[in-house]
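In: Provided below for reference: sequence and predicted model.
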4 protein chains.
Amino acid sequence: MEAATDTYRTTVVKAKRQAILKAARAQFLKCGYTHAGMTDIACDADVSTATLYKHFRSKEILFAEIVEQASDHFKFDFPQPVDGAPLEDSFCVAAKTGLKSFLASDVQPLMRIVIGEVPFAPELARETFKRVTHHWYNATIGALDDMIAQGYLKPHDTSISARFLIGMIKEIFIWDGLFHANHVAPTDDDGRKIRTLVELFLHRYSVNSPDTKNVVWLRS
Amino acid sequence: MEAATDTYRTTVVKAKRQAILKAARAQFLKCGYTHAGMTDIACDADVSTATLYKHFRSKEILFAEIVEQASDHFKFDFPQPVDGAPLEDSFCVAAKTGLKSFLASDVQPLMRIVIGEVPFAPELARETFKRVTHHWYNATIGALDDMIAQGYLKPHDTSISARFLIGMIKEIFIWDGLFHANHVAPTDDDGRKIRTLVELFLHRYSVNSPDTKNVVWLRS
Amino acid sequence: MEAATDTYRTTVVKAKRQAILKAARAQFLKCGYTHAGMTDIACDADVSTATLYKHFRSKEILFAEIVEQASDHFKFDFPQPVDGAPLEDSFCVAAKTGLKSFLASDVQPLMRIVIGEVPFAPELARETFKRVTHHWYNATIGALDDMIAQGYLKPHDTSISARFLIGMIKEIFIWDGLFHANHVAPTDDDGRKIRTLVELFLHRYSVNSPDTKNVVWLRS
Amino acid sequence: MEAATDTYRTTVVKAKRQAILKAARAQFLKCGYTHAGMTDIACDADVSTATLYKHFRSKEILFAEIVEQASDHFKFDFPQPVDGAPLEDSFCVAAKTGLKSFLASDVQPLMRIVIGEVPFAPELARETFKRVTHHWYNATIGALDDMIAQGYLKPHDTSISARFLIGMIKEIFIWDGLFHANHVAPTDDDGRKIRTLVELFLHRYSVNSPDTKNVVWLRS
DNA sequence: AATGAATGAGATTTCATTCAT
DNA sequence: AATGAATGAAATCTCATTCAT
């Protein structure tokens, strides 16, 4: 009986916690950090402000929790190139998958808020940056290094080429969203943008790409 | 005499206006939009709040003015390739110049604020985005198209390649600054980063780059 | 069996009650009345708030209980003068004993709180005042009257001389503690302070003290 | 004209400040520190809370100001003994004057509040203690030392006798007030209480008092 | 009998903006 | 034209106490 009671209570409490997180996320996304009101959040979650504060000791902590949740949701693994399949496809799948996970994680709109709060929550910003950007970046470096080791790519400084790759993806699919509320990332259903981008990358770094030792970029 | 007085008055008024703008910029950069106080700005500018409001009808308008000023300060012209000189150099100079102007214009830290205020000043964000991102983007597209017309580059869709180029630059020199207060953009004194990036670009799009029609990126 | 259970339960209940009182005393002494939190008290006592409220219907009542307990702990009996021993010694012992009991009873730091809450708990303050001050005062008056009756002291208005005696003790050993947290009453290990004070008193009221009927305090 | 305007404005501002102080004092005396509400104070002073906070940066500061004002109002100078007049009278006048100034200064009821806040405003308590208790104490020591030097009093440790004197006064006229709201200090219109207390003191310390070197306080 | 999550009411404090001078 | 004191509305957070389990 006690166990049952406990379970029931626990369930209710967890439900409230979730309700709060949901309401808070909505409020923050709608209003940004400063303009979001704890009172409103409590109200939307059908909870008193006191209860809200029992669950999350401060607005800052509540916000951090939401950001953490979202950024934890962002997972990225560069898929292993499939033997015999075009290397290009691996890159495209990786880019598409990473992007999808990123967009699905709700991190993007939260990032706007985090960025705006940089002077007042530098630690949070740093942390978010690390979780999202570093994660993506490191996974990519690792994959590129592997591919070099396996002879797919020419040896080169992957710590910079990885950033080039990611930079292009961000520019096309993410950057605009920083400046526009309710921004929907441009679709790339036929995958042409990503493919173009990957081609640009592999044109330089694939072992199969032509040698350019003697090429000059001079005008003829 | 009156004219002289008028001139004097005008001068004083203009000086006050400048003092306000200067103080406000400092405040905003230090505290972000919401936490910057009109009273503090007035105080720093040695002006009463009433005078402040005579010059700028509201905090929002004052902020917009500052952002506009800064973004107007960001000028970018892709230099014409010099005949006989390596094409590469043109790109490097362009990238370096653009970046320098961007960083010097104070737009970067203001952008953080603009981004944070997106839900409350969507128009401002849109405008800033246009002035900065579009400007850079369009100037680059134009230059690339010219170079195609002049036979420097292979014909291709410059509306996307331009973004690739800019995306890589942003990733290396700008993105991190969005998440870190007092961020100093990484130096690139020897220009190696930019050069690597340009090489990647030209490897694919220079008319001198080897043909890759029959190249497959497959593993051998 | 039932009886045993009852006994057990009773024991547990009493233990909890004591735990609560102990925790509450600590809280109140540390934080004062207003800043002491019922939740904290319950927590420190390893009891739920509901249980806390089962035992003490309100914060006020809980506090009153603690003050009562402490002030009941303060016992003072003026020791009978020992025949043939210096009267002085009786007074010194009395003063020392009274002071010791007072300091040991924890009343002093609680008094600070009681005093601060005078406007909100006038009854409690009155009661505490009576229990502590009156008690001390009445015991002293009684002893002095006895000593007059027994021919130790000159006849006089003991209702005022008793207060003089106590007033001097309070001034030296208690007053400062009202204004300083963690105040430790000045030690008087050699008893010189108390002895001086007692001498002052007996110089005027002892039957052995010289007559002063014809003394004028005029400067010669 | 400007000067006049300034004067007018200054006058108004000062008046508001005084209104606030008055309202605050009343509120604090009525409700103690914690229960006094800044909103209520503002309301009583016919001022908005914002104005209240312009004048006093915080509740704590406002309270400290009031205490300081009151304690500054407490002045005590032990009057010089008049040549040829009974020394007794000097002491009685001194006691009466000191007491009157103390009671008139409003410090007494504020002291209750200060004492209650000791754990949370130790500095304020210390300061108040110094201003009131030390001041009284030091002035008395100085006067006693002078009288010793001038041959009115027997040489002795005045740092303790001064406290005896003050302790008796406090006991009779002040102590009770700590525990009772709206307490009116007992009158002593005929001066008999003070006279009795002074006699007790001089009986021991006046140069004219009989020698007690050979007196034993033993029961005969 | 015991729990502890939930509450409602209120506390202090801030800020963009106005208006009498 | 300029001042700066005054404002009203709102924001975050706390606490003694209750009630469903």
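Out: Here it is on my side, so go on.
In: and the residue of chain A found nearest DNA strand E, which of the three is it?
Out: Of all residues in chain A, A:Ala50 sits closest to DNA strand E, at 2.6 Å by CB to the nearest atom of the strand. Where C-beta positions appear, they are placed from N, C-alpha and C, glycine not excepted. Here A:Ala50 is helix, with the state taken from DSSP: H, G, I helix; E, B strand; the rest coil.
In: pLDDT at it, what is it?
Out: We have a pLDDT of 94 for A:Ala50.
In: before we move on, what about the one 3 residues further on?
Out: On pLDDT, A:Tyr53 comes in at 95.
In: circling back: so what's the residue count around the residue of chain A closest to DNA strand E?
Out: By the criterion of other CB atoms under 10 Å in any protein chain shown, A:Ala50 has 8 neighbours.
In: The one 4 residues further on too?
Out: Other residues lying near A:Lys54 total 14 when counted by other CB under 10 Å.
In: for the one 3 residues further on, same thing?
Out: Using other CB under 10 Å, A:Arg57 has 9 neighbouring residues.
In: picking that back up, and the gap between the residue of chain A closest to DNA strand E and chain B?
Out: 26 Å (CB to the nearest CB, to the nearest Å).
In: Please tell me how far the closest residue to DNA strand F within chain A sits from chain D.
Out: Closest approach between chain A and DNA strand F, counting by CB to the nearest atom of the strand: A:Ala50, at 3.0 Å. Going from A:Ala50 to chain D by CB to the nearest CB gives 20 Å.
In: try A:Ala121
Out: The value you get for A:Ala121 to chain D, if CB to the nearest CB is used, is 25 Å.
In: Can you tell me the closest non-neighbouring residue to that residue?
Out: Using CB to CB, 6 or more residues apart in numbering or on different chains and skipping residues adjacent in sequence, the residue nearest A:Ala121 is A:Glu60, 6.7 Å away.
In: And for A:Thr34?
Out: Spatially, and ignoring its direct neighbours in sequence, A:Thr34 is nearest to B:Thr34 (4.3 Å; CB to CB, 6+ apart).
In: Could you look up the SS state of that neighbour?
Out: Assigned by three-state DSSP, the conformation of B:Thr34 is helix.
In: mind checking pLDDT for it?
Out: pLDDT, B:Thr34: 88.
In: what about the helix or strand of chain A with the lowest mean pLDDT, near DNA strand E?
Out: With mean pLDDT, DSSP states H and E as the measure, the helix or strand of chain A carrying the lowest mean pLDDT is helix A:2-35 (a mean of 83). Yes: using CB under 7 Å from any atom of the strand, helix A:2-35 comes into contact with DNA strand E via A:9, A:12-13, A:16.
In: Just put those in TSV and tack on neighbour count and distance to B:Phe78.
Out: What follows is these, written out as TSV (neighbours: other CB atoms under 10 Å in any protein chain shown; distance: CB to CB, whole Å):
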residue	neighbour count	distance to B:Phe78
A:Arg9	10	66
A:Val12	10	62
A:Val13	13	60
A:Lys16	17	57
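In: one step back: neighbours of the residue nearest to A:Thr34, just the number please.
Out: Neighbours of B:Thr34 using other CB under 10 Å come to 18.
In: follow-up on the earlier one: tell me what the least confident helix or strand of chain A is packed against?
Out: Applying 3 or more CB pairs under 8 Å, 6 or more residues apart in numbering or on different chains; DSSP states H and E, one finds that helix A:2-35 makes contact with helix A:38-44, helix A:49-55, helix A:59-73, helix A:107-116, helix B:2-35.
In: looking at the ones you listed, which is buried most?
Out: Counting by mean count of other CB atoms under 10 Å in any protein chain shown, helix A:107-116 has the highest mean neighbour count of these, with a mean of 23.
In: can you pull the buried residues of the following helix or strand past that helix?
Out: As assigned by DSSP states H and E, the chain's next helix or strand after helix A:107-116 is helix A:122-129. Neighbour-count burial for helix A:122-129, with 16 or more other CB atoms under 10 Å in any protein chain shown as criterion, is recorded at A:124-125, A:127-129.
In: can you list those residues in CSV and add distance to chain B and pLDDT?
Out: Output for the buried residues of helix A:122-129, formatted as CSV (distance: CB to the nearest CB, whole Å; pLDDT from 0 to 100):
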residue, distance to chain B, pLDDT
A:Leu124, 10, 89
A:Ala125, 5, 91
A:Glu127, 10, 90
A:Thr128, 7, 91
A:Phe129, 4, 92
